[in-house]
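Enquirer: Let me see the structure of the following:
(chains A and B)
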Amino acid sequence: MEKLKIDVAYVAELARLELTDEEKAVFQPQLENIVKYVEKISSVDVDGVEPMMHGRELVNAFREDVVRPGMSTETALANAPKRVGDEFLLPKIVEGAES
Amino acid sequence: MSELCELGIRAAQEGLAKGDFTSVDLVRSVIESYRRKNADIGAYLTFDEEMALKAAAENPGSVPIAVKDLINVAGQPCTCASKMLEGYVSPYDATVIKNMKAHGFIPAGRVNMDEFAMGSSTENSRLGRTRNPYDLERVPGGSSGGSAAAVGADMCIAALGTDTGGSIRQPASFCNCVGVKPSYGRVSRFGVTAFASSLDQVGPMTKSVEDAAILLGAIAGHDEMDGTTPRDAVPDYLKAMEGSSMKGVRLGVVREYEDAPGMDADVKRITREAIDRCERAGAEIVEISLPHSQYAMAVYYIIAPAEASANLARFDGVRYGHRSDMATDVFSLYTKSRAEGFGAEVKRRIIMGTYVLSSGYYDAYYGRAQKVRTLIKRDFDAAFEKVDAILTPCAPTPAFKAGELQDPLTMYLNDLFTIPSSLAGVCASSVPAGFAAGNLPVGVQFICGGFREDRLLAVSKAFEDLIKGE
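Expert: Below is the predicted model:
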């Protein structure tokens, strides 16, 4: 297997995490170490082995598709960092749109 | 017995039934203990005394339970020990809380933890420090460190914790309490902040095995809000424990664990003595092999961060949780809110998880880890053909000093013995087994097959009787 190397600054961007230069400097060697450690699974023979996706074998859990009362708008908005009326307030997403 | 807060669940229920005291008396005693000890021990993050007293008055005969601060209780904070959720108020009760209330328990107090349950010392809490009641210089373990410290210091009657890779069992070992990690699917996860969804379970942390059986029986069972909980009835765990004994129990001892790296000499001795005790009491000791356990840590530190990175993607500063004041657009709203809200260990795991799931690496890491997980599970399946239960150390060392473990990978090694059973989805307990140098508690771990909590509790109780009988 080709030697894989983690680029912490790049992956943090994928994860939508802003890191300080200091964090990058600390995390880079730490995560390299962790990645190196977990690579020990590359030596295990897994030919023909099914992946275990969950803590137990699962089957679909169905229920009747009926309308039931849900959370009220007010409750759902109660923890919003910023709101206007019955909506979450966000910075402008689409260029040229009103924010 | 000098104070009511020293009671366990069973004794409290008996006293309430006899009319010796009321639920309000119990809660008052717990509050008094909290007020007296929390400055030193820091087990609780917050304690809504008024709500607890009101609930006790309205529910005569009920027993208060301390709740780890990632389980939602309507109207209460649920911080996950993170700055991300400071000020958050839960809109509803988690299913475990609903179930618990229906069985004569009330939530009382929010206990500390590692941020988002990531850690083995509770040092990753961003909202408070918890100390080990047996030695204030040492950590209580983690991530359910607040639960364990509250039980160990008699600051509660019992507590709820959660366990993803050892987060109930290792702190139980460090603080001299009983902890049970139920089989995956035994207890609903609805309303419990998700860390790694294929591993997380809620479980009891108590002063005795009997108490653990009572509390587990109260929270377990099918929940239509969690598709992983089967419809099977929950067995009567107290009944399963009746007359339990070590006689004839086929007890597995894992060959590979004898010389595990980093094993403390006292832990080794106490585990050896535990095995001897069980054998003298009539258990048949069977040497077994879990050959793929050596890969369990590596598998876990791929799967758990991968699932965590997906679960924590919901924290974006939009609907709830911390929002940065520095954001200028939506992208910086995400990146800055998350940068300010999450602590170092959570950031590391999000990065690790994003990395192993990213395009080009998925098969080599996540896909392969899931296959090795199958092999780990098969090892347990094979073992349980030959034995009824497995006995292992719980953690490789007793409680360590705060600040002692700085390297993340070294900290991860704390869960060496607890992670394999978590990956296999089976049930396991931690039961006090003795004391290491410096009067530090040490527990041993019992592991039984999936949904065999009846057997797990019976064996744990038999072991507890052996320890208490000496």
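Enquirer: In contact with the closest residue to B:Ser125 other than its chain neighbours, which residues?
Expert: Nearest residue to B:Ser125, sequence neighbours excluded (Cβ to Cβ, 6 or more residues apart in numbering or on different chains): B:Ala81, at 3.9 Å. In this view, the C-beta of every residue, glycine as well, is placed from N, C-alpha and C. With contacts defined as Cβ atoms under 8 Å, 6 or more residues apart in numbering or on different chains, B:Ala81 is in contact with B:45, B:69-70, B:112-116, B:122, B:124-128.
Enquirer: name the element B:Ala81 belongs to?
Expert: B:Ala81 is part of no helix or strand, with elements assigned from DSSP states H and E.
Enquirer: State the pLDDT value of it.
Expert: pLDDT, B:Ala81: 98.
Enquirer: Quick check: the gap between it and B:Arg129.
Expert: Using Cβ to Cβ, to the nearest Å, B:Ala81 is found at 11 Å from B:Arg129.
Enquirer: Pull up the overlap in contacts between those two.
Expert: Residues touching both B:Ala81 and B:Arg129 by Cβ under 8 Å, 6+ apart: B:Thr122.
Enquirer: who in the stretch 351-470 of chain B is up against chain A?
Expert: Residues of the stretch 351-470 of chain B lying close to chain A by Cβ under 8 Å from any Cβ of the partner chain are B:351-356, B:358, B:361, B:364-365, B:367-375, B:377, B:407-409, B:423, B:425, B:450.
Enquirer: tell me which residues of the worst-scoring helix or strand of chain B on mean pLDDT are tucked away?
Expert: The weakest-scoring helix or strand in chain B, judged by mean pLDDT, DSSP states H and E, is helix B:408-412 (a mean of 90). Across helix B:408-412, burial judged by 16 or more other Cβ atoms under 10 Å in any protein chain shown covers B:Pro408, B:Met411, B:Tyr412.
Enquirer: need the contact list for the residue nearest the centre of chain B.
Expert: In chain B, the centroid-proximal residue (Cα atoms, centre = their mean) is B:Ile168; its distance is 1.9 Å. The contact partners of B:Ile168, by Cβ under 8 Å, 6+ apart, come to B:Ser144, B:Ser147, B:Gly161, B:Thr162, B:Gly179, B:Val180, B:Lys181, B:Gly203, B:Met205, B:Ser430.
Enquirer: ok, now B:Ala74?
Expert: Going by Cβ under 8 Å, 6+ apart, B:Ala74 touches B:Ser90, B:Pro91, B:Tyr92, B:Asp93.
Enquirer: thinking again about what came up before, any of the residues of the stretch 351-470 of chain B next to chain A buried? List them.
Expert: Buried among these (16+ other Cβ under 10 Å): B:351-356, B:358, B:361, B:364-365, B:368-375, B:377, B:408, B:423, B:425, B:450.
Enquirer: hmm, back to that, mind checking which of the contacts of B:Ala81 are in strands?
Expert: B:Leu45 (DSSP state E).
Enquirer: Just the buried residues out of the contacts of B:Ala81, in ChimeraX syntax.
Expert: To isolate the buried members of those in ChimeraX, using 16+ other Cβ under 10 Å:
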select /B:45,69,70,112,113,114,115,116,122,124,125,126,127,128
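Enquirer: can you redo the contacts of B:Ala81 as a markdown table with pLDDT?
Expert: Output for those, formatted as a markdown table (pLDDT from 0 to 100):
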| residue | pLDDT |
| --- | --- |
| B:Leu45 | 98 |
| B:Asp69 | 98 |
| B:Leu70 | 98 |
| B:Asn112 | 98 |
| B:Met113 | 98 |
| B:Asp114 | 98 |
| B:Glu115 | 98 |
| B:Phe116 | 98 |
| B:Thr122 | 98 |
| B:Asn124 | 98 |
| B:Ser125 | 98 |
| B:Arg126 | 98 |
| B:Leu127 | 97 |
| B:Gly128 | 97 |
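Enquirer: Keep only those of the contacts of B:Ala81 that are in helices.
Expert: Secondary structure from DSSP state H places none of the contacts of B:Ala81 in helices.
Enquirer: What's the separation between the residue in chain A that chain B sits nearest to and B:Gly425?
Expert: Closest approach between chain A and chain B, counting by Cβ to the nearest Cβ: A:Gly55, at 2.6 Å. For A:Gly55, the distance to B:Gly425 (Cβ to Cβ) stands at 4 Å.
Enquirer: Quick check: neighbours shared by the two?
Expert: Here A:Gly55 and B:Gly425 have B:Ser183, B:Tyr184, B:Gly185 as joint contacts, going by Cβ under 8 Å, 6+ apart.
Enquirer: What separation is there between B:Ser245 and B:Phe463?
Expert: 10 Å.
Enquirer: same question, B:Gly434
Expert: 11 Å.
Enquirer: Quickly list what's touching both of the two.
Expert: By Cβ under 8 Å, 6+ apart, B:Gly434 and B:Phe463 have these common neighbours: B:Ala274.
Enquirer: quick check, B:Gly109 in a helix?
Expert: No. Counting by DSSP: H, G, I helix; E, B strand; the rest coil, one finds B:Gly109 to be strand, located in no helix.
Enquirer: That one: what's it in contact with?
Expert: B:Val30, B:Tyr34, B:Tyr44, B:Thr46, B:Phe47, B:Asp48, B:Ala52, B:Pro64, B:Ala66, B:Val67, B:Ala150, B:Cys156.
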